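Peer 1: Give me coordinates for this.
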Amino acid sequence: MNIKEIDDQIQVMISTADELKRLGEDFPALYRNVARIQASLKMLELNISDIRELTGESN
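Peer 2: Next up, the predicted model:
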């Protein structure tokens, strides 16, 4: 399991979600759904950072 690669992909997803949210400002359903996706991505980000701490992997 490559934690760094997983973390990198999560960061790409976060960036993509930020861009979608910006583009969906005038599209309420998109904006709300992206906000939910961002919450899930935040949880993934926190989980991976915990694993990195436990395994001693750094950025």
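Peer 1: so what's the backbone phi/psi at the residue located most distally from the centre of the chain?
Peer 2: Residue farthest from the centre of the chain, counting by C-alpha atoms, centre = their mean, is residue 26 at 22.4 Å. Dihedral pair for residue 26: phi -100, psi 10, per degrees, to the nearest 10.
Peer 1: So it versus residue 32, what's the distance?
Peer 2: Separation of residue 26 from residue 32 (C-beta to C-beta, to the nearest Å): 13 Å. All C-beta atoms are positioned from the backbone trio N, CA, C, and that covers glycine.
Peer 1: Same question for residue 20.
Peer 2: To residue 32, residue 20 is 12 Å away according to C-beta to C-beta.
Peer 1: These two: who's more crowded?
Peer 2: It is residue 20, of residue 20 and residue 32, that has more neighbours when counted by other C-beta atoms under 10 Å, with 16 against 12.
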